[in-house]
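Peer 1: Make a model of this:
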Amino acid sequence: MMRSVAAAALLHLCLCATASVSVSDPTEPIAAPGDIVLLPCYTSGNETPELTTWVRDGREVGRGGGASPSPPGPVPRLSVLHDGSLNIRGVIPGDEGSYLCSSALPGNRSFQARVRLQVAEPPFPEGEPLATALEATSVTLTCTEATSFPPANTTWRKGLQQDDIVSGAKYVVSEDGPELKLTIVNVSKDDEGYYFCRSENPLAIRELEVYLTVKTASSAYTGAIIGVFIAALIVGSAIIVAKTVYSSRHRVCLGSGFGQLEEDGGDVLSLVESDDEQIFQDAVPRLPPVTNGRHTTLVQIHRIPSSDHEDLETAETSSQQQEDTVQTEEPEDLVTF
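Peer 2: Residues are numbered from 1 along each chain as shown. Here you go, the predicted structure:
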């Protein structure tokens, strides 16, 4: 009877030891891309786990530990060490997530632990690198940083020495979600220069550099005057070209083109209706026959005069003079046919 009770008690103790499972509190290590991270599993005693299995999102990512021999070949990026830890080499953003380890301990016991790995991000402040303000006005510089993990601490600084900027009457620093704004009140020439939006987290420090240009009222007016002058110059040139084309429209229509206008120096082509050609031909006198039986004929050649009245009168006078001359010439000067 006593042996039966003792055996039953021993069996109950073994069953309870086999079924007991302890779960540790989750930890959240942070690693940067490219780092080597070690996720621990059993850390509650001095015993070495006989076998440890790591699972992520329901899929086994590693198995080993204890006396298990290392697999031959190159070491995988994710491997289980002898103490049951998961070693991740060259961390990538896809490694972020929750991992569950299960270790088999001596004495038929087991242990489980959950570890959440977080992959940190290099802060990256964004904004416009150049800003312009008119003297005696206000200007707002904006910087956005929403990608870093853990969240970065972002501040505004002034000058190459990066002096801290504190909100007050001159500078107003405000936050609007991921945006950090810096408003400069009553801008003067002394406010011109470099401003830095500085974001810092445990992984890195990044800065956005902004250069502020301050324009005075006189420079603004000068720019406006120059702009008006250029506009007036363009309009005036267009009017002159238009007038030139319009005054020579008849030449352009006849196909001369603008090149011909320039060559002629602006001469105007006049189209007039010419008079009918007039051919003046006086009667050809016929001389008495000569001894050889042929007649001698006087041939007169007259040019075609232009429509000008003066040319017509000159032609008539010249014709009359030629007639008089021929009548007085000797016979040997005549043309014989």
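Peer 1: Can you tell me how far the closest residue to Val185 other than its chain neighbours is from Lys189?
Peer 2: For Val185, ignoring the flanking residues on the chain, the nearest one in space by Cβ to Cβ, 6 or more residues apart in numbering is Ser138 at 5.1 Å. Where C-beta positions appear, they are placed from N, C-alpha and C, glycine not excepted. Distance, Ser138 to Lys189, using Cβ to Cβ, to the nearest Å: 15 Å.
Peer 1: looking at this, Ile239 is in a helix?
Peer 2: Yes. Judged by DSSP: H, G, I helix; E, B strand; the rest coil, Ile239 forms part of a helix.
Peer 1: What count of nearby residues applies to it?
Peer 2: Counted with other Cβ atoms under 10 Å, the neighbours of Ile239 add up to 10.
Peer 1: For it, give me the pLDDT.
Peer 2: Note for Ile239: predicted pLDDT of 84.
Peer 1: Kindly report the same for Ile304.
Peer 2: On the pLDDT scale, Ile304 gets 49.
Peer 1: Ok, Phe111 next?
Peer 2: Value for Phe111, per-residue pLDDT: 87.
Peer 1: Can I get the helix or strand in which it is found as CSV, trimmed to CA atoms?
Peer 2: Using DSSP states H and E, Phe111 sits in strand 109-119. The C-alpha coordinates for strand 109-119 follow below in CSV (Å, rounded to 0.1, in the frame of the first residue of the first chain):
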residue,chain,number,x,y,z
ARG,A,109,11.5,20.7,-18.7
SER,A,110,10.8,23.4,-21.2
PHE,A,111,11.1,27.2,-21.4
GLN,A,112,9.6,29.8,-23.7
ALA,A,113,10.4,33.5,-24.3
ARG,A,114,9.1,36.1,-26.6
VAL,A,115,11.3,38.8,-28.0
ARG,A,116,10.3,41.8,-30.2
LEU,A,117,13.1,43.1,-32.5
GLN,A,118,12.8,46.7,-33.6
VAL,A,119,14.9,48.0,-36.5
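Peer 1: Let me see the mean pLDDT of the following helix or strand past it.
Peer 2: Moving toward the C-terminus from strand 109-119, the next helix or strand (DSSP H and E) is strand 130-134. Averaging pLDDT along strand 130-134 gives 95.
Peer 1: Ok, stretch 140-159 next?
Peer 2: Computed over stretch 140-159, the average pLDDT equals 92.
Peer 1: same thing with stretch 244-260?
Peer 2: 62.
Peer 1: Same check on stretch 164-182?
Peer 2: In the prediction, stretch 164-182 has an average pLDDT of 93.
Peer 1: swap in stretch 93-104?
Peer 2: What stretch 93-104 shows for mean pLDDT is 91.
Peer 1: buried set for that stretch?
Peer 2: Asp95, Tyr99, Leu100, Cys101, Ser102, Ser103, Ala104 (16 or more other Cβ atoms under 10 Å).
Peer 1: Switch the residues you listed over to TSV; also include secondary structure and distance to Pro76.
Peer 2: Listed next are the buried residues of stretch 93-104 as TSV, based on DSSP: H, G, I helix; E, B strand; the rest coil; distance: Cβ to Cβ, whole Å:
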residue	secondary structure	distance to Pro76
Asp95	helix	13
Tyr99	strand	15
Leu100	strand	19
Cys101	strand	17
Ser102	strand	19
Ser103	strand	20
Ala104	strand	21
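Peer 1: Closest one to Pro49 out of those residues, please.
Peer 2: The closest of the buried residues of stretch 93-104 to Pro49 turns out to be Ser103 (Cβ to Cβ; 3.7 Å).
Peer 1: element containing the closest residue to that closest one other than its chain neighbours?
Peer 2: Spatially, and ignoring its direct neighbours in sequence, Ser103 is nearest to Pro49 (3.7 Å; Cβ to Cβ, 6+ apart). According to DSSP H and E, Pro49 maps onto no helix or strand at all.
Peer 1: one step back: contact partners for the residue nearest to Val185?
Peer 2: The contact partners of Ser138, by Cβ atoms under 8 Å, 6 or more residues apart in numbering, come to Thr183, Ile184, Val185, Asn186, Val187.
Peer 1: Next: Glu126.
Peer 2: Cys143, Thr144, Glu145, Leu208.
Peer 1: Only the buried subset of those, as a PyMOL command please.
Peer 2: Selection of buried members from the contacts of Glu126 for PyMOL, criterion 16+ other Cβ under 10 Å:
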select buried, resi 143+144+145+208
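Peer 1: Tabulate the contacts of Glu126 (JSON lines), appending secondary structure and distance to Ile30.
Peer 2: Shown next, in JSON lines, are those (three-state DSSP; distance: Cβ to Cβ, whole Å):
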{"residue": "Cys143", "secondary structure": "strand", "distance to Ile30": "24"}
{"residue": "Thr144", "secondary structure": "strand", "distance to Ile30": "23"}
{"residue": "Glu145", "secondary structure": "coil", "distance to Ile30": "18"}
{"residue": "Leu208", "secondary structure": "strand", "distance to Ile30": "24"}
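Peer 1: Dump the contacts of Glu126 into TSV; add distance to Leu117 as well.
Peer 2: Shown next, in TSV, are the contacts of Glu126 (distance: Cβ to Cβ, whole Å):
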residue	distance to Leu117
Cys143	30
Thr144	27
Glu145	23
Leu208	30
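Peer 1: in the stretch 151-300 of the chain, which spans are strands?
Peer 2: Counting by DSSP state E, counting those that start in this stretch, the stretch 151-300 of the chain has strands at residues 153-158, 163-164, 171-176, 179-184, 193-200, 205-215.
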